[in-house]
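Enquirer: pasted the sequence and its predicted model underneath.
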Amino acid sequence: MSNKVALITGITGQDGSYLAEFLLSKGYTVHGIKRRSSLFNTDRVDHIYVDPHNEGVRFFMHYGDLTDATNLIRIIQQTQPDEIYNLGAQSHVQVSFETPEYTANSDALGTLRLLEAIRILGMENKVKFYQASTSELYGKVQEIPQTEKTPFYPRSPYAAAKLYSYWATVNYREAYGMYACNGILFNHESERRGETFVTRKITRALARISLGLQDTLYLGNLNAKRDWGHAKDFVEAMWLMLQQESPEDYVIATGETHSVREFVELAAAELGIKLRWEGSGVSEVGIVDSIDSEKYDQITNNQYTNNEYTSNQYTNQPNKNSTFKIQNLIGVPIIKVDPRYFRPTEVDILLGDPSKAKQKLGWQPKTSFSELVSLMIKSDLYEQQKDVHLKNGGFEIKNFYE
């Protein structure tokens, strides 16, 4: 077991929570930076939080922000980390078009502030620095698949900000001899993915539709292709990058690409729903062609449990809307295209080549595309069944439209 200390920005996010779990399992003391919010925003890490008054605590949270240099200097000085994982960012591509200045401030200058804090504190030879780079750097792809040597062509304010961070990390490595590296991570999802990201939006909406809680799922470009992996697999690669003799940049990907349309079809199939597509462009719709009632009954009657979820306390109560019949969806268009979700500059296909990571790090993705979709659907179905119980009990439930 290790006695190392790690500092994670973005610890309350999908990747941060999985990384914190992973490092704690390795014996690390883990410090995380969270932004102040009027609402609790620590759901993803609440299960690993320990009362700081207890003995032997190895998990700590600090208020901070990547836009506040003095705050970052103070936290690094106080925690004295051996490893810093910069996962914090405004990470939603579509939102970056609406908040380009803030995205640049947090995603680009935030990285610079961390690198400068390390240098100002004279910790260049002590701290190893991981920068969360992104496949969005490739944007208008110059070759397929993309490797560490593929030229970048960012197509969003988010990607442009991340491009600055990428080169700042390289520059500090070369100029000051810092152990600083970029993980060029392709799309990675999980049951903890933010609800506004397309994959989680799909699984949550389809779970709700299958339970009679929602009518329609609106999407943008159905033909966009991405290389999708599981976040839990990818955080291991982050750690491996900081355990090498010398710092290098790595592409982390599965080496497979699938369209948004494929993701929708597979997620629906998990619920026993077969879709057919009609129309084209903004007029295209996904219509329920048939229902596998046996599969639907099996997945909705069985309680989804794994190490992330507790047993359902409502096992003696129905898991379905008492007034809803799944067969009534046959012939109904449940998927529609909304131009509002088109990007001003689209990224059509991303496909990573993780050969270098496999060879030098010994890293391998463990979760297949179909397993990923299945995990996400089952998790969201479990969560949405709670709303069914509330609705059946006469309580008001929240509606989701984005």
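Expert: Received, thanks.
Enquirer: just the helices in this structure please.
Expert: Along the chain, counting by DSSP state H, helices occupy 14-25, 69-79, 93-98, 100-103, 110-120, 157-176, 198-210, 231-241, 260-270, 293-301, 355-356, 369-392.
Enquirer: most tightly packed of the ones you listed?
Expert: With neighbours defined as mean count of other Cβ atoms under 10 Å, the helices of the chain peak in mean count at helix 198-210, which reaches a mean of 24. Just so you know, the C-beta spots here come from the backbone N, C-alpha and C atoms, and that holds for glycine as well.
Enquirer: what residues does that helix touch?
Expert: 187, 189, 193-195, 214-217, 219-220, 228, 260, 263-264, 267-268, 271, 273, 296, 300, 326, 329, 334, 373, 376-377, 379-381, 383-384, 387, 400, 402 (Cβ atoms under 8 Å, 6 or more residues apart in numbering).
Enquirer: nearest to residue 54, out of the helices of the chain?
Expert: Residue 54 lies closest to helix 14-25 among the helices of the chain, at 14.4 Å (Cβ to Cβ).
Enquirer: what about that closest one, distance to the chain center?
Expert: The chain centroid and the centroid of helix 14-25 are separated by 13 Å, computed with Cα atoms, centre = their mean, to the nearest Å.
Enquirer: with stretch 332-346 instead?
Expert: Counting by Cα atoms, centre = their mean, stretch 332-346 comes out at 21 Å from the chain centroid.
Enquirer: for residue 226, what are its contacts?
Expert: Applying Cβ under 8 Å, 6+ apart, the residues near residue 226 are 186-187, 257-260, 349-350.
Enquirer: want to throw the residues you listed into a markdown table with pLDDT?
Expert: Formatted as a markdown table, those follow (pLDDT from 0 to 100):
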| residue | pLDDT |
| --- | --- |
| 186 | 98 |
| 187 | 97 |
| 257 | 98 |
| 258 | 98 |
| 259 | 98 |
| 260 | 98 |
| 349 | 96 |
| 350 | 97 |
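Enquirer: would you turn these into TSV with distance to residue 102?
Expert: Below are those laid out as TSV (distance: Cβ to Cβ, whole Å):
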residue	distance to residue 102
186	25
187	23
257	31
258	31
259	31
260	27
349	28
350	24
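Enquirer: list just the nearest of these to residue 152.
Expert: Distances from residue 152 to the contacts of residue 226, taken by Cβ to Cβ, are shortest for residue 350, at 12.3 Å.
Enquirer: I'd say the closest one and residue 257 touch.
Expert: Yes: contact status for residue 350 versus residue 257: in contact at 6.9 Å, counting by Cβ atoms under 8 Å.
Enquirer: higher neighbour count, the two?
Expert: Using other Cβ atoms under 10 Å as the criterion, residue 350 and residue 257 rank with residue 350 on top: 24 against 20.
Enquirer: OK, contacts around residue 143?
Expert: Contacts of residue 143 (Cβ under 8 Å, 6+ apart): residue 150.
Enquirer: and for residue 227?
Expert: Contacts of residue 227 by Cβ under 8 Å, 6+ apart are 135, 186-187, 253-257, 350-352.
Enquirer: tell me how far the nearest residue to residue 45 once chain neighbours are set aside lies from residue 32.
Expert: Once flanking residues are discounted, residue 45 sits nearest to residue 17: 5.0 Å by Cβ to Cβ, 6 or more residues apart in numbering. As judged by Cβ to Cβ, to the nearest Å, residue 17 and residue 32 stand 9 Å apart.
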